[in-house]
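K.L.:
Here's a sequence, model it:
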Amino acid sequence: MNNIIKEVEDNMDEVIENRRYLHKNPEIGFSLDNTISFVKKKLDEYGIDYRTDIGKSAVVATINPGKGRVIALRADMDALPIKEETGLEFQSENGNMHACGHDGHTSMLLGAAKILNNHKDEINGTVKLIFQPAEELGTGSKYLCEDGVMDDVDEIIGLHAGNITDEGPTGSMVFSKGSMMACMDKFTIEVKGVAAHGSTPQLSVDPVLVGSHIVVALQEIISREMDPRTPAVITTGIFKSGSAFNIIPEKAQLEGTVRAITDEDRKYIAKRIEEVSTTVAKAFRADVTYEYFWQPPPVVNDKHVAEKLMAVAKDLYPDNVIEMQKPVMGGEDFAWYLEEKPGSFFLLQNPLKIDGKVWPHHNSKFALDESQFGKGISVMVGYVLSELS
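P.N.:
Numbers count the residues shown, from 1 in each chain. This next block holds a predicted model:
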């Protein structure tokens with residue numbers, strides 16, 4: 001395994017050069033023309049075949065197609081509509097930003113692809129390399145699954161760089177043998193009342209008041225109906241109503257998110273939000289229209305795959321492997337792959353301080369420590385070689 005680390009280190013200059021190009025030229029959602037062209041160019045240099053007629057805006061490459069078991073490695077490519085303020089020499093200047101580390105993921109997978117292709121004659125199986133769009137929309141992986149990208153896959157591995165969890169110092173890798181991240185569902189509630197002048201509330205059914213009671217009542221689902229040993233979150237992030245200070249409006253709009261680490265809990269919460277909001281509105285003579293959007297489910301790693309992946313990581317970096325104690329309530333659309341086939345996600349702790357501080361994901365000053373990229377590459381390469389050699 002030490003030979004893997006040395007080979008990765010020998011390729012790090014190119015990995016970092018690739019990452020900085022991607023960071024300087026971020027694209028969002030499914031509109032990834034330049035990013036895809038860059039990925040294709042690198043795969044052409046490495047002599048790896050690929051296809052782009054799948055998953056709307058994806059690149060899916062294959063090493064040793066049609067040979068033995070299939071292990072997939074995944075990276076997401078999209079950025080966010082955030083104006084960067086890191087001050088890095090390769091800072092984005094187009095109004096978008098890789099504020100979640102996907103430039104690092106893509107460059108690490110390209111690095112793994114190059115090394116694995118150099119060893120393809122030693123690999124008794126197939127390696128599928130998935131460069132995915134629109135993770136930030138929560139739909140990129142779903143389109144790929146619907147197009148059959150997982151049909152022939154036996155196992156899938158993915159990683160996330162940065163500081164998503166507070167478990168483990170910089171340079172560590174965090175693994176979980178089960179629940180790792182939450183679902184990222186959305187709900188909307190429209191409250192319909194009766195409009196009136198602000199001076200005559202007796203003539204109204206005030207949707208602002210009703211909506212306020214609903215927001216408070218939804219928290220009772222978490223505090224009094226959910227097992228406190230299993231984390232869950234209901235957040236109302238949008239509350240819109242009214243057009244003037246002296247008018248009681250007719251309608252109010254609420255939008256929020258549900259985070260749960262089991263499908264059982266998310267289904268229960270979805271049902272209860274409708275029941276609670278409808279009942280509260282009825283008590284105050286209003287009506288509600290409710291919609292629930294089933295977005296990426298919880299990230300639940302396969303125990304067997306996770307154990308094997310941790311063993312490889314411990315062999316390579318015995319002092320840098322941590323088993324997660326608390327699931328992360330953020331979501332990841334890698335979950336759609338895990339609903340199709342066994343696999344495991346892991347976290348690389350590599351935040352970079354800007355202005356003396358580590359900034360969170362999706363912040364305009366979020367940054368990555370490139371010196372840790374080699375660990376992510378080595379673990380992916382090591383896993384494939386240990387499983388398929």
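
K.L.:
pLDDT (mean, whole number) over the host helix or strand of residue 142?
P.N.:
Using DSSP states H and E, residue 142 maps to helix 140-146. Average pLDDT, helix 140-146: 98.

K.L.:
quick one: buried residues of it?
P.N.:
Across helix 140-146, burial judged by 16 or more other Cβ atoms under 10 Å covers 140-145. C-beta: built from backbone N, CA, C; applies to glycine.

K.L.:
I figured residue 99 was touching residue 79, is that so?
P.N.:
Yes: here residue 99 reaches residue 79: they are 7.1 Å apart, a contact under Cβ atoms under 8 Å.

K.L.:
and for the helix holding residue 142, what are the contacting residues?
P.N.:
Helix 140-146 has contacts (Cβ atoms under 8 Å, 6 or more residues apart in numbering) with 30, 54-58, 60, 74, 76, 78, 130, 132-135, 150, 296, 333-337, 339-340.

K.L.:
How about stretch 192-203?
P.N.:
With Cβ under 8 Å, 6+ apart as the test, stretch 192-203 has contacts from 204-207, 210, 245-252, 285-289.

K.L.:
what does stretch 380-389 give?
P.N.:
With contacts defined as Cβ under 8 Å, 6+ apart, stretch 380-389 is touched by 1, 4, 8, 68-69, 71, 73, 108-109, 112, 115-116, 119, 122-125, 127, 155, 157, 159, 308-309, 312-313, 315-316.

K.L.:
what do you get if the cut-off is 7 Å, keeping everything else the same?
P.N.:
Outside stretch 380-389, the residues within contact range by Cβ atoms under 7 Å, 6 or more residues apart in numbering are 1, 4, 8, 68-69, 71, 73, 112, 115-116, 119, 122-125, 127, 157, 309, 312, 316.

K.L.:
quick one: the helices in the chain?
P.N.:
In the chain, the segments counted as helices under DSSP state H are 2-10, 12-24, 33-46, 102-118, 140-146, 207-225, 263-283, 303-316, 335-340, 373-388.

K.L.:
of all those helices, which lies closest to residue 355?
P.N.:
Closest approach to residue 355 among the helices of the chain is made by helix 12-24 (18.0 Å; Cβ to Cβ).

K.L.:
Give me the contact list for the closest one.
P.N.:
By Cβ under 7 Å, 6+ apart, helix 12-24 touches 35, 38, 42, 90, 92, 98, 103-104, 106-108, 110-111, 370, 373-374, 377.

K.L.:
Buried residues in the helix or strand of the chain with the lowest mean pLDDT, which are they?
P.N.:
When the helices and strands of the chain are scored by mean pLDDT, DSSP states H and E, helix 2-10 comes last with a mean of 93. For helix 2-10, the neighbour count (16+ other Cβ under 10 Å) marks 4-5, 7-8 as buried.

K.L.:
Which members of those residues are the farthest-apart pair?
P.N.:
Greatest spatial distance in the buried residues of helix 2-10: 5 and 7, 7.4 Å, computed using Cβ to Cβ.

K.L.:
show me the contacts for the residue nearest the centre of the chain.
P.N.:
Per Cα atoms, centre = their mean, the C-alpha nearest to the average position across the chain is that of residue 332, at 2.6 Å. Residue 332 sits next to 160, 181, 296, 299, 345 when contact means Cβ under 7 Å, 6+ apart.

K.L.:
one more time with 10 Å
P.N.:
Applying Cβ atoms under 10 Å, 6 or more residues apart in numbering, we find residue 332 in contact with 76, 135, 138, 141, 158, 160, 164, 180-184, 296, 298-299, 338, 345.

K.L.:
just for the stretch 151-300 of the chain, where's the confidence low?
P.N.:
By pLDDT under 70, the stretch 151-300 of the chain has no low-scoring segment.

K.L.:
Please enumerate the strands of it.
P.N.:
Along the stretch 151-300 of the chain, counting by DSSP state E, counting those that start in this stretch, strands occupy 155-162, 173-175, 179-181, 185-192, 196-197, 232-241, 247-248, 251-260, 287-293, 299-300.

K.L.:
and for the last one, what are the contacting residues?
P.N.:
What it means is strand 299-300. Among residues not part of strand 299-300, those counted as contacts by Cβ under 10 Å, 6+ apart are 158, 160, 176-184, 261-263, 306, 327-328, 330-339, 343-345.

K.L.:
and those, which are buried?
P.N.:
Applying 16+ other Cβ under 10 Å to these, the neighbour count classes 158, 160, 176-177, 179-184, 261-262, 306, 327-328, 330-339, 343-345 as buried.

K.L.:
Please report how far the residue nearest to the centre of the chain lies from residue 17.
P.N.:
Noted for residue 332: a distance of 27 Å to residue 17, by Cβ to Cβ, to the nearest Å.

K.L.:
ditto for residue 208
P.N.:
Counting by Cβ to Cβ - residue 208 and residue 17 are separated by 54 Å.

K.L.:
Which one's more surrounded, those two?
P.N.:
Applying other Cβ atoms under 10 Å to residue 208 and residue 17 shows that residue 208 carries more neighbours, namely 16 against 12.

K.L.:
What are the neighbouring residues in contact with that one?
P.N.:
So residue 208 contacts 191, 193, 239, 241-242, 248-249, 251-252 (Cβ under 10 Å, 6+ apart).

K.L.:
repeat that with 6 Å
P.N.:
Counting by Cβ atoms under 6 Å, 6 or more residues apart in numbering, residue 208 touches 241, 252.
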